[in-house]
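> how would this look folded up:
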Amino acid sequence: MAHANPVPEKTSSAKYFYGRITRDEAEIILRERGFKEGQYLLRESISPLGNYAISLCHSGKVHHYIIEKQVDGQFMIPEGQKFPGPLTLIRHYEQHPAGFVTTPTIPCNRLPSQAPVAFRGMTYNDLEQEIISRAKSVKKVNMDKALGPMREHLVKMVARDLHTNMPWYHAKIEREEAEKRIRKEGHEDGKFLVRQREGSDSKVKPYALTLSLDGSCRHYVIKCQSDGKYTVDDGPPKFECLIMLVDHYHNKQDGLACKLVKPVCPSKYDRAKFQKYMDNCSDNLVYYSHQTVNNHNGVNNNAPPRESAPVPPLGHPMSRKPSQAGRKLPPVPNLDGDWVHPSEQTDPILIRDIGISSENLEDEYVRVRKDQGKYHWGLELDREQITLQERLGGGQFGDVVKGVCKLGVRNIPVAIKTLKNEQMVPGQVPELLKEAQVMKDLSHKHIVRMIGLCKGDCIMLVLEIAPLGPLNKFLPHHKEMQISNVVELMWQVAQGMAYLESMKFVHRDLAARNVLLVTERLAKISDFGMSKALARDSNYYEANTAGKWPLKWYAPECVYYWKFDSRSDVWSYGISFWEAVSYGDKPYRKMKGQDILNFLNEGKRLTQPYTCPNEAYDIMLECWEFDPNMRPTFSQLVYKVKDLFDSLKAASQ
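Predicted structure coming up:
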């Protein structure tokens, strides 16, 4: 059913519309403003432009529904009816809630002094004034259409030029000058500026982002693609304009060394404009939750300004209670037993003859990826292409077999995960197929790549092979390996995990047993059976049930709240690093599950192995911070571990 009104109401007129805030920010706002059944707010999607989302409270959780703009200009939730605008849609579902888990009955209104966020440092009021000004310059334009059907088009037109008025834009300056300006302001993690690159006089100007981290500058090229959209270092996110790009990297790290935090402005930039920008540029959570709510929403909250306080030890009387968290906490997984992963109880199998030297394997696999694009090979393989050889071991979902895969005229050595048809559960997607779905789009030197999938008498997932096997099995038999070599391998693991972080994947099973060695100098991350791809507007995955989890490697928030993100992977990286520098020792020895939780709650951590450099142990302790936000990102770990490797290598020469 389509509604006839051609001019929808202006979305920013609704008191429950918060503008371009993230999913996580919406959840925190709702929790702090009552978290009642049916309470909701409306927000504009971070990406793509023109879509909205409604965040709705039900049974102690926040549910998010995309309100998608259709080609005819109408709006609808998935499998719902069409409406001329988001506000009309919400009013309809207030009376007819079919399609939502509960009726949206309580609007979570902004304070009267608050305006919705359009971009970082810019309110909707500011943006709409720019749109009106631009629309008036167009002859005979209908102003109702300018803020209605033409809005997205005008937003793009206006937004393309907005960067020239932003305090972070420095026009055409050299790289050295950019570094000088940041040094003059004083290095702080997340300080940044955007500059037009030297020699860029063409109509489509290339730009660069300069970012401060750990007292030095990182530089990123901002390229304009053939479709007119901007990317950082050819990364996957694409943006209509620079202000949208900068806005995105304020909210998400997505491959940068850290998030953007504070702009460094040109020396002649108006200080009043800069202060206004900073007032509206505060983290959206701070912007909304630092205000005092006075019965305006039925909630009285005179709490002091909310800061990113450290998470108290889990189990401590001040730790999060169900009422504070807004939902009943899931039960803690069964802590009986010693948290030993099944693969730790198997003996290593040395892969001997693979038909090609280990040193040449990576070059061979790179050629395979190029040939797949060149010859348009799909990921579906015929059974005749695969030759099975000896069994290498057993995984959680089936056997692992050494084999050969015929691609064109070449025979490629591979590892093959198999799942017999009789092992499949009717009506359920096999876990092996879920793993294949995760792996098919991943391609990185330090990740075991997927070659293809075969569905014959059994399902076979064909992967790159790593002849030296898992790190935790290799190191106990090679204690002569220099510690700099071990750190180099963990630097490679950090690079692979930074790639996963940029691709919005959480691994959930990072451990030394899942770091495979092609050679003594080349490591790859493996086993994506538990990995999850995060939703486009989410930074974490929340499990519904507790499975057979490798709890020794899990951060406390995973055990208590079943919540997984790249920061929980960082905790696991710290445990893996400890395993590596101890040359394959087992973390927590024979401690039982509850003993380990008590150990962590008391602020204790794994002790420093006698073979471990002090700097390496400092990195591990950073990874084991209770507060996930205090842990480094993988992009930061890449630099930290690389610096450590360089210093150890220099000292050994």
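> measure residue 392 to residue 509 for me?
The spacing between residue 392 and residue 509, counted by C-beta to C-beta, to the nearest Å, is 18 Å. Any C-beta I mention is one placed from the backbone N, CA and C, and that applies to glycine too.
> wait, residue 206 touches residue 225, no?
No. In this structure, residue 206 is not within contact of residue 225 by C-beta atoms under 8 Å, at 11.2 Å.
> of the two, which one has the most company?
Remark: of residue 206 and residue 225, residue 206 carries more neighbours, 15 against 11, as counted by other C-beta atoms under 10 Å.
> list the contacts for the more buried one?
196, 197, 200, 221, 222, 223, 224 (C-beta atoms under 8 Å, 6 or more residues apart in numbering).
> can you report how many residues neighbour residue 218?
Residues lying near residue 218 (other C-beta under 10 Å) number 16.
> so where's the stretch 151-300 of the chain uncertain?
Along the stretch 151-300 of the chain, segments meeting pLDDT under 70 span 151-157, 198-205, 234-237, 279-300.
> all helices for it, in order.
Under the criterion DSSP state H, counting those that start in this stretch, helices of the stretch 151-300 of the chain are mapped to 151-162, 175-185, 242-251, 271-281, 284-289.
> so what's residue 222 up against?
Residue 222 makes contact with 194, 206, 207, 208, 209, 230, 231, 232, 242, 245 under the criterion C-beta under 8 Å, 6+ apart.
> the same query, at a cut-off of 10 Å, please.
194-197, 205-209, 230-233, 239, 242, 245-246 (C-beta atoms under 10 Å, 6 or more residues apart in numbering).
> please check the residues you listed and keep the buried ones.
The neighbour-count test (16 or more other C-beta atoms under 10 Å) marks 194-197, 207-209, 230-232, 239, 242, 245-246 as buried among the contacts of residue 222.
> checking residue 93 next. Helix, strand or coil?
helix (DSSP: H, G, I helix; E, B strand; the rest coil).
> burial of it, as a residue count?
For residue 93, the count of nearby residues is 21 (other C-beta under 10 Å).
> what sits against it?
Residue 93 makes contact with 40, 54, 56, 65, 77, 80, 81, 83, 99, 100, 103, 104 under the criterion C-beta under 10 Å, 6+ apart.
> swap in 8 Å and give it another go.
Going by C-beta under 8 Å, 6+ apart, residue 93 touches 99, 100, 103, 104.
> same question, residue 632
570, 619, 622, 623, 640.
> neighbour-wise, give me the winner out of those.
Taking other C-beta under 10 Å as the neighbour criterion, residue 570 ranks highest of the contacts of residue 632 with 25 neighbours.
> following the helix or strand that one falls within, which helix or strand shows up next?
Using DSSP states H and E, residue 570 maps to helix 566-581. Heading C-terminal from helix 566-581, the first helix or strand you meet, by DSSP H and E, is helix 593-601.
> C-alpha coordinates for that following helix, PDB please?
Coordinates of the C-alpha atoms in helix 593-601 are reproduced here as PDB (Å, rounded to 0.1, in the frame of the first residue of the first chain):
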ATOM      1  CA  GLY A 593      37.600 -22.400  34.900                       C
ATOM      2  CA  GLN A 594      36.300 -20.600  38.000                       C
ATOM      3  CA  ASP A 595      39.800 -20.400  39.400                       C
ATOM      4  CA  ILE A 596      40.900 -18.500  36.300                       C
ATOM      5  CA  LEU A 597      38.000 -16.100  36.600                       C
ATOM      6  CA  ASN A 598      38.800 -15.400  40.300                       C
ATOM      7  CA  PHE A 599      42.500 -15.000  39.200                       C
ATOM      8  CA  LEU A 600      41.600 -12.300  36.600                       C
ATOM      9  CA  ASN A 601      39.100 -10.600  38.900                       C
END
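> check which helices and strands it is in contact with.
Counting contacts by 3 or more C-beta pairs under 8 Å, 6 or more residues apart in numbering; DSSP states H and E, helix 593-601 packs against helix 556-561.
> gap between the helix it packs on and the chain center?
The chain centroid and the centroid of helix 556-561 are separated by 18 Å, computed with C-alpha atoms, centre = their mean, to the nearest Å.
> and it, what other elements does it pack with?
Counting contacts by 3+ C-beta pairs under 8 Å, 6+ apart, helix 556-561 packs against helix 566-581, helix 593-601.
> go with 7 Å
Applying 3 or more C-beta pairs under 7 Å, 6 or more residues apart in numbering; DSSP states H and E, one finds that helix 556-561 contacts no other helix or strand.
> what pLDDT does the residue nearest to the spatial centre of the chain get?
For the chain, the residue nearest the mean C-alpha position is residue 504 (3.7 Å; C-alpha atoms, centre = their mean). Among the per-residue scores, residue 504 holds a pLDDT of 76.
> if I look at it, how far off is residue 528?
Separation of residue 504 from residue 528 (C-beta to C-beta) stands at 14 Å.
> got it, and residue 465?
In this view, residue 465 and residue 528 are 16 Å apart by C-beta to C-beta.
> neighbours of the nearest residue to residue 160 once chain neighbours are set aside, just the number please.
Spatial nearest neighbour of residue 160, excluding adjacent residues (C-beta to C-beta, 6 or more residues apart in numbering): residue 241 at 4.6 Å. Look at residue 241: counted by other C-beta under 10 Å, it has 22 neighbours.
> so what does residue 241 have for phi and psi?
Here is the backbone geometry of residue 241 (degrees, to the nearest 10): phi -160, psi 170.
> ok, it touching residue 161?
No. Here residue 241 does not reach residue 161: they are 8.1 Å apart, not a contact under C-beta atoms under 7 Å.
> that older thread, go through the contacts of residue 632 and flag which are in helices.
Counting by DSSP state H, the contacts of residue 632 place 570, 619, 622, 623, 640 in helices.
> got these as CSV, with distance to residue 261 and pLDDT columns?
Compiled in CSV, these are given as follows (distance: C-beta to C-beta, whole Å; pLDDT from 0 to 100):
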residue, distance to residue 261, pLDDT
570, 19, 93
619, 22, 94
622, 19, 93
623, 21, 93
640, 19, 92
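> so which of those comes closest to residue 631?
Distance ranking of the ones in helices among the contacts of residue 632 against residue 631, using C-beta to C-beta, places residue 570 first at 4.7 Å.
> count of neighbours near the closest residue to that closest one other than its chain neighbours?
Spatial nearest neighbour of residue 570, chain neighbours left out: residue 631 (4.7 Å); criterion: C-beta to C-beta, 6+ apart. Residue 631: 23 surrounding residues under other C-beta under 10 Å.
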